[in-house]
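Trainee: need a 3D model of the sequence below.
(one chain, ligands or ions: 1)
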Amino acid sequence: MKVEVTEAASVDDIIAVRAAVLRPGRPVSAARYPEDGGEWALHLRADVDGQVVGCGSLYRADYQGEEAQRIRGMAVLAGFRAAGVGSLVLAALQERAMERGFGHLIWLNARERAIPFYERAGFAGVGGIFEVPGIGPHRLMVFKW
Ligand SMILES: CC(C)(COP(=O)(O)OP(=O)(O)OC[C@H]1O[C@@H](n2cnc3c(N)ncnc32)[C@H](O)[C@@H]1OP(=O)(O)O)[C@@H](O)C(=O)NCCC(=O)NCCS
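Mentor: All right, here's what the predicted structure looks like:
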């Protein structure tokens with residue numbers, strides 16, 4: 001399977017995948033985040049045969065009062081999971097974050113099921129598991145360089 005990870009022209013290119021994976025059964029608009037409209041929002045798309053199958057987004061977002069970046073909306077369509085697509089997107093987001101240089105830390109709220117996926121990419125958990133209403137258990141994770 002040939003996977004190509006590139007920057008999406010806009011959130012509109014990836015919103016269908018984000019919505020299908022992260023907000024199933026809800027209107028596509030429910031998958032839009034307020035940060036998507038921000039000046040430093042960056043969206044990556046993973047394509048297989050010209051079809052978007054995965055995505056992830058990077059934002060400028062302070063962490064404990066310090067300049068930092070945040071990842072949201074990591075998603076890979078069910079039929080394409082566990083084949084390395086998500087890891088490619090995550091690695092590319094980490095690379096972009098380090099190039100942009102807004103601080104030296106990325107944070108994210110990981111779904112419990114995805115914690116090992118982020119640990120393999122160098123993220124470390126901070127604090128305990130907390131519940132995001134309507135979505136499930138999460139843990140704050142950070143990556144520093
Ligand atoms: C998490 C996710 C983006 C990873 O993408 P991927 O292409 O499957 O990832 P990779 O193939 O690079 O790595 C596989 C790892 O992803 C994680 N993973 C696999 N299926 C998953 C699922 N349904 N939900 C969450 N994580 C999953 C596991 O840690 C897996 O490792 P394992 O095979 O050792 O258990 C993708 O599985 C997904 O979209 N899951 C559902 C939505 C989600 O949980 N998103 C993250 C929100 S924080």
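
Trainee: where is the longest helix in this structure?
Mentor: What stands out as the longest helix in the chain, according to DSSP state H, is helix 85-100.

Trainee: need the contact partners of that one.
Mentor: For helix 85-100, the external contacting residues (C-beta atoms under 8 Å, 6 or more residues apart in numbering) are 3, 5, 40, 42, 44, 46, 48, 53-58, 69, 71, 74, 76, 106, 117-118, 120-122, 143, 145. Using the backbone N, CA and C atoms, a C-beta is placed for each residue, glycine as well.

Trainee: so which of the residues you listed reach the ligand?
Mentor: Checking those against the ligand by C-beta under 6 Å from any ligand atom, the ones in range are 74, 76, 117.

Trainee: next step: the residues you listed restricted to helices.
Mentor: F117.

Trainee: buried ones in the helix or strand containing S57?
Mentor: Element membership for S57 (DSSP states H and E) is strand 51-60. Within strand 51-60, the residues that count as buried by 16 or more other C-beta atoms under 10 Å are 52-60.

Trainee: now stretch 62-72
Mentor: For stretch 62-72, by 16+ other C-beta under 10 Å, it's 63, 68-72.

Trainee: give me the pLDDT for G101.
Mentor: G101 is assigned 89 on the pLDDT scale.

Trainee: swap in M141?
Mentor: At M141, the pLDDT recorded in the model is 98.

Trainee: would you mind measuring from the residue in the chain that the ligand sits nearest to to E95?
Mentor: Proximity of the chain to the ligand (C-beta to the nearest ligand atom) peaks at G86, 2.0 Å away. Distance, G86 to E95, by C-beta to C-beta, to the nearest Å: 15 Å.

Trainee: who has more neighbours out of those two?
Mentor: Taking other C-beta atoms under 10 Å, G86 and E95 do not tie; G86 has more neighbours (22 against 10).

Trainee: can you show me the helices along this structure?
Mentor: Under DSSP H, the chain gives helices at 15-22, 85-100, 115-120.

Trainee: how about the first one: buried residues?
Mentor: Yep, that's helix 15-22 we're talking about. Buried, per 16+ other C-beta under 10 Å, within helix 15-22: 15, 17-19, 21-22.
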